[in-house]
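Undergrad: Sequence first, predicted model second:
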Amino acid sequence: MKKTASALAASLALSTLLVACGGGGDDTPSVPTVAASVSDDTQFFNRVATFAVCAQIGSSCETREATAAEIVAASTDGMTLIYTNSPKDEVGFVDITDPSAPQALGALAMGGEPTSITVQGNHALIAVNTSASFTAPSGKLVVVDIATRTVVHEIALGGQPDSIAISKDGKYVAVVIENERDEDAGDGRPAQLPGGKLVIVDAVGAPATWKTRDVALGNLAMRFPTDPEPEYVSINDRNVAVVTLQENNHIVLVDLATGQLTRDFSAGTVSLTQIDLTDAPRPNQVSLTESLSDRLREPDGVTWVSTTQFVTANEGDLDGGSRGFTLFNTDGSVAYDAGNTMEHLIARIGHTNDKRSDAKGNEPENVASGRFDRTDYLFVASERSSVLAVYDLSQANAPALKQVLPSAQAPEGVLTIPSRNLVITASEETNPVSGGPAVFAALNIYQYQKAPAQYPTIASVNRTDGTPIPWSALSGLAAAPTGSLVYAVDDAFFRGNRIFEIDTSVKPARLQREIRITDPNGLIAGLAASLPDTPSGSTFDDADLAALVNNADKSVNIDPEGIAIASSGGFWIASEGAVGKSANLIFKVSATGVIEDIIQLPADVNAKQTSNGYEGIAEADGKLVVAFQRTWTGDTHPRIGVYDLATQTWSFLFYPLDLPTSPNGGWVGLSEIMALGNNRFAVIERDNQAGPDATVKKIYRIDLTGKADGSVLTKTLVRDLLPDLRATKGHVLEKIEGLARLANGDVYIVNDNDGVDLGSGETQLIKLGKIFN
């Protein structure tokens, strides 16, 4: 059978992402060494909207109040979402009649912290924590009429609730009473009493008639018998609840009709190889070379995928976290374990959160399942890498990776609405900082479509050891003189900086080569030695040297913020300086990454730096042109530096920036420059804002013809990038830092994801087409 063009593209995307299945510890059976195949390569999930929770307060999110979206449920018709917002002690309502245009419907106070939510008929059932202290836990089940958004009944639960689930027939509601421990008490470890339990609500009839039954979960053969610490619950079609006891690394099954524990067992351990376990002080480095033996799974979220099997998200807490998920049989045996495959998947698409490498890695937080058009899918949310991995469950005991979806930061809740071909994640992270880029809690809405997968936009190939090339923090872009290749660099977030070769002729674009920047000839040391002693920070000195080269392999720790193809072969790299720490430098490197020359700014100019420096470089007509991001001391505009390669002299022009217009204030600066020919250049001008705060993301054209040293340039708007960024259906990304034009005229932009540090890690390589005449 012939495939359509979209199906072929989808298959290519899938083949790029598929990775070998991994194995686990001594309780994990052997697994295939080749990934299982998906059953439908014509339909994929794509993000169609992102609803910022702050939109409930103001349509433009001008408020700086903390918000969250932790757990989400839907009305029975799938038209209304209800989510928990714990910082404001409320639940929010969102109309998704048109899932691509969600509308705020308001919020309802809960009289405590809502922890979880489910739906029965016309009612939302919300678990609410009302505890006065860790040692005096309390909570309630609040029943809300969804249509009127009013409370109709409350039921005391006798402890602090966490997760809640309802049986398919609506007869039973299971509420996990965690009675969480005080992590600041003593060593913060269990046992801390009172211990938790499971509450069964017999939910037949009017809510006022509902009764509760307690199920004790203590005194089992587990790590802390008196303190079960139940975490999450899911109910299958036979009304059997599976409950994870995370800190105990234990799982229990409960028959809801009788309230009897039918089985309990350890969640077991996993041994992992080829993962990164080191959080090096910044600059960071992702090294998939380390191993971990007998790691406790310590599962968090759990979902049934049939009446006889369930999947756990092995987030970890006290001493565990296996960085993946596990498919269990109801007798406690393991049918499949993801091993290291989620860590490799996330490294392949640039989402590795290296600051979590020494802890629990990507931290799979939650799981959900659903049948879409006759195919069963599993969805795994990674809290620390902010993605939703999708697996096809068509082949028994062999989940096949279908795709991976971007999410707003820290997805916690996952909801499937198969009747409407929708999947929702609730992202809880919020950081309503004033002036700088804020982080917005959000609901992420995905739709099952007959269309290729739109994410990731870049995926790397494997190294010779079978692990993917890890990458992130792309900060600059340059196109090869011919063909479809572009080159990017990573910035100072990482040590041992690299140049990446990316093939844009395929989707996702294929990151197929890494070139380490090295200084085997000691040019940086020679430059420092040739300079007179000067006060630290006034020019390049020994402190700068220590910051730039301290790696045994002669790789360098610079701050590449721009890259250009050198006409003589190799590359030009613009490295941004920082006041008192490093100088703004231009490095000429060979095609293999060896530093061949270093160009400095005049000392009197470098001494002016008070804020961001180099942010892009271009070569044209025997000159290097560099963009300075912001205004320096004594200047009224940021500089465009022009270095004549023949005479080795500098001249400077000045660029007039747009004024900040964001409701959150902040600043506007330059972040890239690209040669257009005939002494014309394109620049990216942007604010330091993201999401609904972002207002300036633009490409301007400048002409240097006839401009004398010290002239103020004029600029012409080429493209407002906000529509392009909004077209991804996610939050507008802050750092658009790469701009390149292929030989055929197609223009690409790319953002810097800041190494997934305090951000979602989303990277968008966007083709703008032929936008220059």
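TA: In hand now; what should we look at?
Undergrad: and residue 247, helix, strand or coil?
TA: Under DSSP: H, G, I helix; E, B strand; the rest coil, residue 247 falls in the helix class.
Undergrad: Can you give me the distance of it to residue 185?
TA: As judged by C-beta to C-beta, to the nearest Å, residue 247 and residue 185 stand 14 Å apart. No exception for glycine: its C-beta is placed from N, CA and C like everyone else's.
Undergrad: what do you get for residue 60?
TA: With distances taken as C-beta to C-beta, residue 60 is found 42 Å from residue 185.
Undergrad: If you count surrounding residues, which of residue 247 and residue 185 has more?
TA: Between residue 247 and residue 185, counting by other C-beta atoms under 10 Å, residue 247 is the more crowded of the two (27 against 11).
Undergrad: got the contact list for the more buried one?
TA: 181, 190, 223, 224, 227, 229, 298, 317, 318 (C-beta atoms under 8 Å, 6 or more residues apart in numbering).
Undergrad: let's see 7 Å
TA: Counting by C-beta atoms under 7 Å, 6 or more residues apart in numbering, residue 247 makes contact with 190, 224, 229, 298, 317, 318.
Undergrad: Residue 555 too?
TA: Residues near residue 555 by C-beta under 7 Å, 6+ apart: 496, 516, 517, 518.
Undergrad: Excluding chain neighbours, what is closest to it?
TA: Once flanking residues are discounted, residue 555 sits nearest to residue 496: 3.9 Å by C-beta to C-beta, 6 or more residues apart in numbering.
Undergrad: For residue 375, the count of nearby residues, please.
TA: Residue 375: 16 surrounding residues under other C-beta under 10 Å.
Undergrad: I'd assumed residue 394 was in contact with it.
TA: Yes. Using C-beta atoms under 7 Å, residue 375 is in contact with residue 394, at 6.1 Å.
Undergrad: okay, and the common contacts of the two?
TA: Common neighbours of residue 375 and residue 394 are listed as residue 39 (criterion: C-beta under 7 Å, 6+ apart).
Undergrad: just to revisit the earlier point, can you tell me the element the residue nearest to residue 555 falls in?
TA: Using DSSP states H and E, residue 496 sits within no helix or strand.
Undergrad: And the one 10 residues further on, by the same measure?
TA: For residue 506, there is no helix or strand it lies in under DSSP H and E.
Undergrad: Local confidence estimate at the residue lying farthest from the centre of the chain?
TA: Most distant residue from the mean C-alpha position of the chain: residue 647, 46.2 Å away (C-alpha atoms, centre = their mean). Per-residue pLDDT puts residue 647 at 98.
Undergrad: again with residue 31
TA: Value listed for residue 31 in the pLDDT field: 30.
Undergrad: Could you count how many residues lie near residue 180?
TA: Neighbourhood size, residue 180 [other C-beta under 10 Å]: 19.
Undergrad: what number of residues lie near the residue nearest to it when sequence neighbours are not counted?
TA: Excluding its sequence neighbours, the residue lying closest to residue 180 (C-beta to C-beta, 6+ apart) is residue 160, at 6.3 Å. For residue 160, the count of nearby residues is 25 (other C-beta under 10 Å).
Undergrad: Hmm, residue 160 is touching residue 129, no?
TA: Yes. Residue 160 sits in contact with residue 129 when judged by C-beta under 7 Å, with a separation of 5.0 Å.
Undergrad: which residues are in contact with both of those two?
TA: Listed as contacting both residue 160 and residue 129 by C-beta under 7 Å, 6+ apart are residue 139.
Undergrad: So for stretch 346-363, what gets flagged as buried?
TA: Across stretch 346-363, burial judged by 16 or more other C-beta atoms under 10 Å covers 346-357, 360-363.
Undergrad: From the chain's centroid, how far away is that stretch?
TA: In terms of C-alpha atoms, centre = their mean, to the nearest Å, the centre of stretch 346-363 is found 9 Å from the chain centre.
Undergrad: For it, give me every contacting residue.
TA: With C-beta under 7 Å, 6+ apart, stretch 346-363 has contacts from 17, 275-279, 284, 286, 288, 315-316, 321, 323, 342-343, 382-387, 404, 456, 458-460, 468, 470-472, 753, 755-757, 761, 763.
Undergrad: export that stretch as CSV, just CAs?
TA: Provided in CSV are the C-alpha atoms of stretch 346-363 (Å, rounded to 0.1, in the frame of the first residue of the first chain):
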residue,chain,number,x,y,z
ILE,A,346,14.6,13.2,26.3
ALA,A,347,18.3,13.7,25.5
ARG,A,348,17.6,13.1,21.8
ILE,A,349,15.1,16.0,21.7
GLY,A,350,17.1,18.5,23.8
HIS,A,351,15.0,18.2,27.0
THR,A,352,17.5,16.8,29.4
ASN,A,353,17.3,18.8,32.7
ASP,A,354,21.0,18.3,33.7
LYS,A,355,20.5,20.0,37.0
ARG,A,356,18.3,17.0,37.9
SER,A,357,20.8,14.4,36.7
ASP,A,358,22.1,13.6,40.2
ALA,A,359,18.5,13.3,41.6
LYS,A,360,15.8,11.5,39.6
GLY,A,361,16.5,12.6,36.1
ASN,A,362,13.4,13.4,34.0
GLU,A,363,11.1,12.3,36.8
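Undergrad: for it, what is the average pLDDT?
TA: The average of the pLDDT scores along stretch 346-363 is 93.
Undergrad: I'd like the next helix or strand past the helix or strand containing residue 561.
TA: If you go by DSSP H and E, residue 561 is part of strand 560-565. Counting by DSSP H and E, the next helix or strand C-terminal to strand 560-565 is strand 571-575.
Undergrad: Pull up the pairing partners for that following strand, direction included.
TA: Using DSSP bridges, the strands paired with strand 571-575 are strand 560-565 (antiparallel), strand 585-589 (antiparallel).
Undergrad: Give the burial count for the spatially closest residue to residue 564 that is not a sequence neighbour, as a bare number.
TA: Closest residue in space to residue 564, ignoring its immediate chain neighbours: residue 572 at 4.4 Å, by C-beta to C-beta, 6+ apart. By the criterion of other C-beta under 10 Å, residue 572 has 24 neighbours.
Undergrad: quick one: residue 572 and residue 588, what's the gap?
TA: Residue 572 is 6 Å from residue 588, by C-beta to C-beta.
Undergrad: so what sits against both of those two?
TA: Both residue 572 and residue 588 are contacted by residue 566, under the criterion C-beta under 7 Å, 6+ apart.
Undergrad: quick one on the thing from earlier: Serialize the contacts of residue 247 to TSV and add fields for distance to residue 48.
TA: Output for those, formatted as TSV (distance: C-beta to C-beta, whole Å):
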residue	distance to residue 48
190	42
224	44
229	37
298	34
317	34
318	39
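Undergrad: and residue 525, that's in a strand?
TA: No. Under three-state DSSP, residue 525 sits outside any strand and is assigned helix.
Undergrad: how close does it get to residue 357?
TA: Separation of residue 525 from residue 357 (C-beta to C-beta): 31 Å.
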